[in-house]
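Engineer: Quick one, fold the following:
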Amino acid sequence: MGRRPVVIVSHDGFNEAPGWRSLVVVPVSTSATQAQRGPTAVPLVEGAGGLRRAGVALCHQVTTLDRGKLTRRLGALRQDALARIEDGLKAALDLD
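Structural biologist: As a prediction, this is how the structure comes out:
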């Protein structure tokens, strides 16, 4: 089974601190069922951030990962995609 891509959403200050092991991430799926989950499922087009195929960022599944679980960097998302993920996180966590 392959590893699922994730979008790192934790603050760069934490991400770059050598002693900080946990990163806050949003998993990415290609499931058509997950894509129907409403405002917490954010569509990502093929090629976005290095994705090989279109997917959906599952903001309702935000979690933490040990940085050792990350195997490679695919790329970076454009600001508009990050803004949509931020909106998805706000909806999932009931934040303003």
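Engineer: contacts, neighbours, all on C-alpha from now
Structural biologist: Noted.
Engineer: quick one: the helices in this structure?
Structural biologist: Along the chain, the stretches classed as helices by DSSP state H are 12-15, 32-35, 79-93.
Engineer: would a markdown table of the ones you listed with distance to L51 and mean pLDDT be doable?
Structural biologist: What follows is the helices of the chain, written out as a markdown table (distance: least, Cα to Cα, whole Å; pLDDT from 0 to 100):
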| stretch | distance to L51 | mean pLDDT |
| --- | --- | --- |
| helix 12-15 | 21 | 90 |
| helix 32-35 | 16 | 84 |
| helix 79-93 | 13 | 97 |
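Engineer: between the ones you listed, which gets nearest to V24?
Structural biologist: helix 12-15 (8.9 Å; Cα to Cα).
Engineer: CA-only coordinates of the closest one, as CSV, when you get a sec.
Structural biologist: Listed next in CSV are the C-alpha coordinates belonging to helix 12-15 (Å, rounded to 0.1, in the frame of the first residue of the first chain):
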residue,chain,number,x,y,z
ASP,A,12,6.9,27.0,9.7
GLY,A,13,8.4,27.9,13.1
PHE,A,14,7.4,24.5,14.4
ASN,A,15,8.2,22.7,11.1
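Engineer: If you count neighbours, what's buried in it?
Structural biologist: Within helix 12-15, the residues scored as buried using 16 or more other Cα atoms under 10 Å are N15.
Engineer: List of residues touching it?
Structural biologist: When contacts are defined by Cα atoms under 8 Å, 6 or more residues apart in numbering, helix 12-15 is touched by residues 20, 23.
Engineer: what about this structure, any weak spots by pLDDT?
Structural biologist: Within the chain, the segments meeting pLDDT under 70 span 1-2.
Engineer: Give me the distance between the residue located most distally from the centre of it and D66.
Structural biologist: Distance from the C-alpha centroid of the chain, by Cα atoms, centre = their mean, peaks at G19 (22.3 Å). Going from G19 to D66 by Cα to Cα, to the nearest Å gives 11 Å.
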